[in-house]
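> Following is a predicted model, sequence given first.
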Amino acid sequence: MLLIALSTAGLLLGFSAFTAFGLPWLVMGNRAFEEFADRRDQHLMAGILGTAAIALACMPLLNSALISAAPHMQVFAETVMGVPSRFWS
């Protein structure tokens, strides 16, 4: 199920990146990004797409924490996140 969700999310992320940046480039050529440094909306779109791509790449690593029981979650938090054991006491 996670594979299907990640595949769908990756496909939608690629499609949104194409519609935000690829499609204007196909229609207008290099002129589409001549004013990229001045346009805040394109910076925002690029930042959101980059954040979504990073979150999607981290999802398999965090999957065990999302679906695990409480003791396993504690071990995950102590080892990966660096949360000390005295935090849980």
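Great, that's in hand.
> Give me the residues contacting stretch 32-40.
21, 24, 25, 42, 43 (Cβ atoms under 8 Å, 6 or more residues apart in numbering). From N, CA and C alone the C-beta is placed, and that goes for glycine too.
> Farthest-apart pair in those, please.
The span of the contacts of stretch 32-40, defined through Cβ to Cβ, is set by 25 and 43 at 16.4 Å.
> Tell me the secondary structure at residue 44.
The three-state assignment at residue 44 reads helix, by DSSP: H, G, I helix; E, B strand; the rest coil.
> Just give me the neighbour total for residue 43.
Residue 43 has 12 neighbours, counted by other Cβ atoms under 10 Å.
> same deal with residue 42?
As a burial measure, residue 42 scores 17 neighbours (other Cβ under 10 Å).
> Just the pLDDT at it, thanks.
pLDDT, residue 42: 84.
> Could you number the chain from 307 rather than 1 from now on?
Got it, the first residue is 307 from now on, which makes the last one we talked about residue 348.
> Looking at the contacts of stretch 338-346, spot the one nearest residue 359.
Nearest to residue 359 among the contacts of stretch 338-346: residue 327, at 12.8 Å, using Cβ to Cβ.
> Tally up the residues packed near residue 335, please.
Look at residue 335: counted by other Cβ under 10 Å, it has 10 neighbours.
> So the residue nearest to residue 351 when sequence neighbours are not counted versus residue 309, what's the distance?
In space, and not counting its chain neighbours, residue 351 is closest to residue 326: 4.9 Å by Cβ to Cβ, 6 or more residues apart in numbering. Here residue 326 is placed at a distance of 26 Å from residue 309 (Cβ to Cβ, to the nearest Å).
> Next, the spatially closest residue to residue 349 that is not a sequence neighbour: phi, psi?
Using Cβ to Cβ, 6+ apart and skipping the chain neighbours, the partner closest in space to residue 349 is residue 342 (7.9 Å). Main-chain dihedrals, residue 342, degrees, to the nearest 10: phi -60, psi -40.
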